[in-house]
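Peer 1: 3D, please:
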Amino acid sequence: MPRYLEGWIKQVVENALRRAYVSRSREKPVLQVVPRIMELKKKGFNPVIAEYKRRSPSGFNEERDHITYAKQMELGSAVAISVITEDTVFNGSYKYLEDISRAVRVPVLMKDFVVTENQVDAAYDLGADFVLLIVRILTERELSGLIDYIRSFGMEALVEVHDREDLDIALRAGATLVGVNSRDLFSLKVEKESATKLLEEIPAGRVKVAESGIESIEEIKLLKERGADAFLIGSALMRNPDKIKEFVEG
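Peer 2: Numbers count the residues shown, from 1 in each chain. Next up, the predicted model:
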């Protein structure tokens, strides 16, 4: 069973365990996100993973056409598109993932509370190229097994950590693409200074993604100084999609 089950986390994990999925036939090859991140970084740009989300427990709520948004992010040189598929708390949908993966030619992340191999099957079938795994809700054995299972499809795992304990577990499990979430899953508070310190503790050879609470190019520059290779940005871009070029080029 997952490590932590309380509050709204318990609700979404229990939903994930019983969520039905009808298999599809994947229509495109898997796109590798890590080489694209490093290539964009080498050219002097900020690799931004632009997130499509409609709602969150922190109070965010935004209505925007998912395909139009994804295409605008691609046109603005986003390195990848993140799609929230959790459907009880975040108002996400597998359909958003399927539609966006068909509409763009950049890697697509399935962002959900993944605790089963069935969810990984869904990610692959619906066109995802990498899949979020949250250390806080998995045992080390579950995490390691899911990383291996994701890679068996040619996809990659974005392994999300929040503190040093999470990071140690992620590294032992074999994570190479590590996301540092500045928002605590339980309190929902954004702790930017703790997150930037944790970025510095990730050893060389891993690709580091800064997640949550990024609102400005100044924050991107600071996170880059602390070692971030890429930046997952949701709320700021959902509210103002035109900021994508500033975030990438600034």
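Peer 1: And the strands in this protein, which stretches?
Peer 2: Secondary structure of the chain by DSSP state E: the strands cover 48-52, 80-84, 108-111, 130-134, 156-161, 177-181, 207-211, 230-233.
Peer 1: Could you point out which of those sits nearest R64?
Peer 2: With C-beta to C-beta as the criterion, R64 lies closest to strand 48-52 of the strands of the chain, at 7.8 Å. Heads up, the C-betas are built off the backbone N, CA and C, glycines and all.
Peer 1: so what does that closest one touch, helix or strand wise?
Peer 2: Counting contacts by 3 or more C-beta pairs under 8 Å, 6 or more residues apart in numbering; DSSP states H and E, strand 48-52 packs against helix 66-75, strand 80-84, strand 230-233, helix 235-239, helix 244-249.
Peer 1: pLDDT averaged over that strand, what's the number?
Peer 2: Mean pLDDT, computed over strand 48-52, is 98.
Peer 1: need the contact list for A80.
Peer 2: Applying C-beta atoms under 8 Å, 6 or more residues apart in numbering to A80 gives the contacts V33, R36, I37, I49, A50, V106, P107, V108, L109, D129, F130.
Peer 1: Which pLDDT does the model give the second one?
Peer 2: I take that to be R36. In this model, R36 carries a pLDDT of 98.
Peer 1: and it, what does it touch?
Peer 2: If you count contacts by C-beta under 8 Å, 6+ apart, R36 has them with P47, V79, A80, V106, P107.
Peer 1: Just the C-alphas of stretch 97-112, formatted as PDB.
Peer 2: Extracted as PDB, the C-alpha positions of stretch 97-112 are listed here (Å, rounded to 0.1, in the frame of the first residue of the first chain):
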ATOM      1  CA  LEU A  97      -4.100  13.700 -22.200                       C
ATOM      2  CA  GLU A  98      -5.200  11.800 -25.300                       C
ATOM      3  CA  ASP A  99      -6.300  14.900 -27.200                       C
ATOM      4  CA  ILE A 100      -3.100  16.900 -26.300                       C
ATOM      5  CA  SER A 101      -0.800  14.100 -27.200                       C
ATOM      6  CA  ARG A 102      -2.400  13.900 -30.600                       C
ATOM      7  CA  ALA A 103      -2.300  17.700 -31.100                       C
ATOM      8  CA  VAL A 104       1.400  18.500 -30.300                       C
ATOM      9  CA  ARG A 105       4.800  17.200 -31.300                       C
ATOM     10  CA  VAL A 106       6.600  17.700 -28.000                       C
ATOM     11  CA  PRO A 107       6.800  15.300 -25.100                       C
ATOM     12  CA  VAL A 108       3.700  15.000 -22.900                       C
ATOM     13  CA  LEU A 109       3.700  14.300 -19.200                       C
ATOM     14  CA  MET A 110       0.900  12.400 -17.500                       C
ATOM     15  CA  LYS A 111       0.600  14.100 -14.100                       C
ATOM     16  CA  ASP A 112      -1.500  12.100 -11.700                       C
END
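Peer 1: what stretches of the chain score poorly on pLDDT?
Peer 2: 1-5, 57-62 (pLDDT under 70).
Peer 1: about what we covered before: let me know which of the helices and strands packed on strand 48-52 is the nearest to V135.
Peer 2: V135 lies closest, by C-beta to C-beta, to one member of the helices and strands packed on strand 48-52: strand 230-233, at 15.7 Å.
Peer 1: what residues does the closest one touch?
Peer 2: Defining contact as C-beta under 8 Å, 6+ apart, one finds that strand 230-233 is touched by 37, 41, 46-51, 79, 82, 179, 207-212, 214, 220, 223, 247.
Peer 1: Then stretch 215-229?
Peer 2: Stretch 215-229 has contacts (C-beta under 8 Å, 6+ apart) with 37-38, 41, 46-47, 180, 192, 196-197, 199-200, 202, 207-210, 213-214, 231, 235-236, 246-247, 250.
Peer 1: please redo it, this time with the cut-off set to 7 Å
Peer 2: 37, 41, 46-47, 196, 199-200, 202, 207-210, 214, 231, 236, 246-247, 250 (C-beta atoms under 7 Å, 6 or more residues apart in numbering).
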